[in-house]
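> Fold the following, please.
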Amino acid sequence: MAVRRVHLTAGDESGWAIDEDLRLLQNSLAGVCQLSSLARAEAVHSVWWAKLLQYQLGEFGRRHVLCYADNAPFCYVSEPDFLKACALVTQWIGRSREAIAQFTALGLESRFAPYTFDPDVFHPLPKDHPELREWIQKWRIPTDRYLIANFHRDTEGANLNAPKLQKGPDAFLETVAWLHERGLPIHVLLAGPRRFWLRRRLRERGVPFTFVGVDTGDRDDFSVNILPRRVLNLLYNIADLYLISSRWEGGPHSVLESAATRCKVLSTPNGIAPDVLAAECVFRDVVEAGEIIQRDVSERFLDAFVEPHFERAHAHHTEPVLRRHLLEIYGALEPVRTGVSALVQGLRTTARHTAQRALGRFKKPVRVREILILHTPEPGTFFDAWLDQLRNAFVACGCAVSLNTAESAPDLILAGRLPAPGALSVGAVPVIRLLDESAEPGRADEEFARLHATAHGALVSSLATYLDLRSRNLLPARSVVLGPVSAGPAEKRGFEGDRPLRVGVLGGAPVGLDPQRFELHSLTSSPEPERVDRELFGKDVLLVFPGPAWAAAVIDRALALGVPVVYPAASHWNWLVWFGGLAFDSESELEEKLEAVRADYPVLARLAVPGSDAGLVDRLLRLAATCKELAQV
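You can find the predicted model right below:
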């Protein structure tokens with residue numbers, strides 16, 4: 001093998017998923033590679049790219065730097081720090097087919113190495129096992145109910161009143177409430193830290209549950225409610241079904257842990273779920289999940305998939321399998337000579353990091369007081385509304401913002417719609433281009449590319465725009481996705497009665513829909529947010545087709561109004577809509593999807609979640625700092 005000595009960076013030191021990835025990686029490399037200090041290593045392997053950010057560019061020398069994707073790669077493009085990670089990493093490792101496909105779409109090369117589980121920890125137990133009886137009695141878990149388990153965090157650490165939307169606790173809540181309201185004998189089994197949001201909401205909806213953990217009141221329980229994996233194994237064996245409602249995922253480990261314990265499992269089609277689970281055990285919306293569980297309660301429908309999941313987990317997701325993939329990846333790396341200079345550099349790096357930890361001298365945030373916006377206004381457009389919201393966010397943080405002229409040298413320049421092509425002559429000041437679907441509609445591709453060629457980086461308004469620009473080789477280097485900026489709260493409306501469903505249609509003209517059931521209204525072909533708001537008012541659902549440049553902004557506004565969205569499954573709009581709408585594969589499905597919206601309108605409306613501008617200013621400042629650092633290399 002070309003690489004023999006490997007340095008592993010730390011996990012997140014929480015005792016949860018990232019640390020488990022590190023432990024399983026160490027086990028897989030045992031006896032194959034020598035785990036070494038950075039000074040002696042030929043390669044660096046990280047299970048979490050955030051741990052690489054403490055290193056300076058060029059600090060690894062000629063060493064190979066490998067890094068797991070711990071989450072969906074599409075999520076990374078909204079993180080400015082990911083740009084630095086890309087400059088450091090020489091080989092990304094995707095843990096699922098989804099991750100490999102997303103890395104490819106982002107233009108990043110990756111190799112595959114599967115998620116794994118430990119069969120010594122997660123395994124089936126007889127139903128009369130004494131420890132199972134002990135835990136059932138200790139926590140008074142009802143054995144005459146259908147037990148639906150979930151051990152994911154559902155609350156944000158920074159705000160214990162806010163749901164952790166990635167894990168979809170709102171979708172989990174709506175699913176179990178849907179079942180409870182129909183009289184099914186369900187009981188929810190929760191464990192793990194930060195279950196505050198879901199516990200509160202289950203009480204409000206009257207859904208019975210058991211929380212296996214310490215009730216800390218309003219205090220963070222992260223340090224006390226991380227359960228040993230041996231205990232989690234017991235809980236999987238007690239549960240009837242493990243329900244995964246995540247909007248996006250890297251894993252999760254619970255897919256494999258459920259399969260390994262022969263616990264039935266139902267999941268959204270994210271992360272490793274499609275790699276491990278039968279298609280019948282994957283759902284895309286809350287009502288579909290409810291209907292699958294309802295069928296299983298009455299018919300034990302999911303029993304047929306328990307053994308195939310168990311066999312697939314053991315065949316493709318154990319330590320020997322991971323070792324084989326890692327040997328292939330390491331074997332394909334070019335040999336690295338680590339001479340005296342590399343050893344000295346490694347020792348210096350180790351000493352510097354030790355001093356940083358001891359003295360707390362971590363990088364301070366960039367100080368930005370003066371911001372100059374270069375932009376030719378077109379009032380009333382989505383792009384200008386987006387720019388106004390950015391400007392307001394900076395002003396709220398105490399920054400001075402000027403348009404096109406500045407009395408003093410700015411700390412940061414935001415370049416919007418520019419009047420003429422050419423380089424941006426701004427000296428050493430960081431320049432960030434602002435790009436959305438409608439920013440430069442009249443410019444030819446070559447002119448558009450020249451316009452932002454010398455910018456330090458770019459903010460892009462949506463993932464769909466990011467991928468479109470990349471596919472046409474027009475994406476500026478060092479670009480991140482900001483996403484739609486929240487337009488503020490809006491009154492959500494309900495839908496009642498059997499009247500025709502009022503459908504706002506954007507970008508298409510569906511045919512064959514019964515006019516007695518569906519009242520179609522074409523939305524504007526002009527990117528004017530006030531006009532779109534007027535046209536969305538009174539609509540029950542938004543039907544979107546490919547084409548309109550500002551579709552992402554319209555979708556986000558509809559979600560803010562509580563208007564469910566029906567959209568093409570082949571688009572990337574699922575990254576905006578999630579559980580707040582339904583996807584269609586062909587127009588022949590439209591009537592079925594729209595009737596499904598009518599039938600379950602309250603659920604879809606409650607799950608319509610618009611974009612958030614939380615951390616907006618911090619992310620943009622980190623983008624400026626990262627772009628400037630990368631530009632100097």
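> Provide a list of residues in contact with I371.
F394, C399, A400, V401, S402, P410, D411, L412, I413, L414 (CB atoms under 8 Å, 6 or more residues apart in numbering). C-beta: built from backbone N, CA, C; applies to glycine.
> I should have written L387 there, sorry.
Contacts of L387 by CB under 8 Å, 6+ apart are I373, H375, L414, G416, L434.
> which SS state does V44 fall under?
Secondary structure state of V44, per DSSP: H, G, I helix; E, B strand; the rest coil, is strand.
> give the contact list for it.
So V44 contacts V6, H7, L8, T9, L38, L52, F60, R63, H64, V65, L66 (CB under 8 Å, 6+ apart).
> count of residues packed around the fourth one?
A count of nearby residues for T9, using other CB atoms under 10 Å, gives 19.
> likewise the third one?
When counting by other CB under 10 Å, one arrives at 20 neighbours for L8.
> which one is D533 nearest to, not counting chain neighbours?
Excluding the flanking residues, the one nearest D533 by CB to CB, 6 or more residues apart in numbering is R557, at 6.5 Å.
> ok, A69 - how many residues close by?
Applying other CB under 10 Å, I find that A69 has 26 neighbouring residues.
> which element follows the strand or helix carrying D388 toward the C-terminus?
D388 belongs to helix 382-396 when assigned by DSSP states H and E. Helices and strands here follow DSSP H and E; after helix 382-396, the next one along the chain is strand 400-403.
> That next one pairs with which strands, and in what direction?
Here strand 400-403 is paired, per DSSP bridges, with strand 370-374 (parallel).
> what's the domain layout of this structure?
Listed domain ranges for the chain are 5-116+321-359, 130-312, 370-486+618-631, 501-606 (source: automatic domain parsing).
> Name the SS class of L475, please.
coil.
> which residues does it contact?
So L475 contacts A458, V460, Y466, L469 (CB under 8 Å, 6+ apart).
> May I see the residues you listed arranged in CSV, with secondary structure as well?
Below are the contacts of L475 laid out as CSV (three-state DSSP):
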residue, secondary structure
A458, strand
V460, strand
Y466, helix
L469, helix
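> what's the closest of those residues to S254?
Checking those against S254 with CB to CB, the nearest one is Y466 at 29.7 Å.
> quick one: contacts for that closest one?
If you count contacts by CB under 8 Å, 6+ apart, then Y466 has V77, V460, L475, S479, V481 around it.
> How many residues are close by the residue lying closest to the fourth one once chain neighbours are set aside?
Closest residue to S479 apart from its sequence neighbours, by CB to CB, 6+ apart: A458 at 4.2 Å. In terms of burial, A458 registers 24 neighbours under the definition other CB under 10 Å.
> returning to what we had before: which of the contacts of V44 lies closest to E134?
For the contacts of V44, the nearest to E134 is L8 (37.2 Å; CB to CB).
> Please read off the pLDDT at that closest one from the model.
With respect to pLDDT, L8 scores 93.
> now swap in N473 and tell me
82.
> Low-confidence ranges, the stretch 1-150 of the chain, go.
Counting by pLDDT under 70, the stretch 1-150 of the chain shows low-confidence ranges at 1-3.
> which stretches of it form helices?
17-29, 73-76, 81-88, 97-105, 130-138 (DSSP state H, counting those that start in this stretch).
> Would you confirm that the residue nearest to D533 belongs to a helix?
Yes. R557: assigned to a helix according to three-state DSSP.
> And it, how far from R95?
When CB to CB, to the nearest Å is applied, the distance between R557 and R95 equals 35 Å.
> do R622 as well
26 Å.
> Among these two, which residue is more densely surrounded?
Between R622 and R95, counting by other CB under 10 Å, R95 is the more crowded of the two (25 against 19).
> My read is that the more buried one contacts Y115, right?
Yes. Using CB atoms under 8 Å, R95 is in contact with Y115, at 4.8 Å.
> between the two, what contacts are shared?
Looking at what touches both R95 and Y115 (by CB under 8 Å, 6+ apart), the common residues are G251, I272.
> Isn't L184 up against T175?
No. L184 is beyond contact range of T175, at 11.1 Å (criterion: CB under 8 Å).
> list the residues that contact both of the two?
Common contacts of L184 and T175, defined by CB under 8 Å, 6+ apart, comprise I293.
> In terms of neighbours, single out the busier of those two.
Comparing L184 with T175 by other CB under 10 Å, the one with more neighbours is T175, at 27 against 17.
> remind me which residues of the stretch 151-300 of the chain are low pLDDT?
Judged by pLDDT under 70, no stretch of the stretch 151-300 of the chain qualifies at all.
> before we move on, back to that, what are the buried residues along the helix holding D388?
F382, F383, D384, A385, W386, L387, Q389, L390, R391, A393, F394 (16 or more other CB atoms under 10 Å).
> Can you tell me who the closest residue to R145 other than its chain neighbours pairs with across the strands?
Of all residues not flanking R145 in the chain, H187 sits nearest, at 3.8 Å (CB to CB, 6+ apart). Partner residues in beta bridges with H187, using DSSP bridges, are L147.
> Count the residues that sit near H187.
By the measure other CB under 10 Å, the count of residues near H187 is 21.
> Now do the same contact list for it.
Going by CB under 8 Å, 6+ apart, the list of residues near H187 reads I141, P142, R145, Y146, L147, I148, P208, F209, T210.
> Of the residues you listed, keep whichever come out buried.
By 16+ other CB under 10 Å, those give I141, R145, Y146, L147, I148, F209, T210 as buried.
> State the distance from the fourth one to L189.
The one in question is L147. Taking CB to CB, one finds L147 at 5 Å from L189.
> which residues do the two both contact?
With CB under 8 Å, 6+ apart as the test, L147 and L189 both reach I141, I238, A239.
> And the second one, how far from K167?
For I238, the distance to K167 equals 21 Å [CB to CB].
> try the last one
Here the distance between A239 and K167 works out to 17 Å (CB to CB).
> Please apply the same query to A72.
Distance from A72 to K167, by CB to CB: 13 Å.
> neighbour count winner among these two?
K167 (24 against 21).
> How much space separates the closest residue to that one other than its chain neighbours from Y601?
Leaving out its chain neighbours, the residue that sits closest to K167 by CB to CB, 6+ apart is H152, at 4.5 Å. Distance, H152 to Y601, using CB to CB: 27 Å.
> which of those two has more neighbours?
Higher neighbour count among H152 and Y601: H152, with 26 against 18, using other CB under 10 Å.
> check which helix or strand covers that one.
H152 belongs to no helix or strand when elements are defined using DSSP H and E.
> That one touches E249, doesn't it?
No. Using CB under 8 Å, H152 makes no contact with E249, being 9.6 Å away.
> Show the subsequent helix or strand relative to the helix or strand hosting S254.
Taking DSSP H and E as the criterion, S254 maps to helix 253-260. Going down the chain from helix 253-260, the next helix or strand is strand 264-267, by DSSP H and E.
> Please pull up the helix or strand immediately following that following strand.
Going down the chain from strand 264-267, the next helix or strand is helix 273-276, by DSSP H and E.
> Okay, buried residues for the helix or strand following that next one please.
Downstream of helix 273-276, the next assigned helix or strand under DSSP H and E is helix 286-299. Under the neighbour-count criterion of 16+ other CB under 10 Å, helix 286-299 has V286, V287, E288, A289, G290, I292, I293, Q294, D296, V297 buried.
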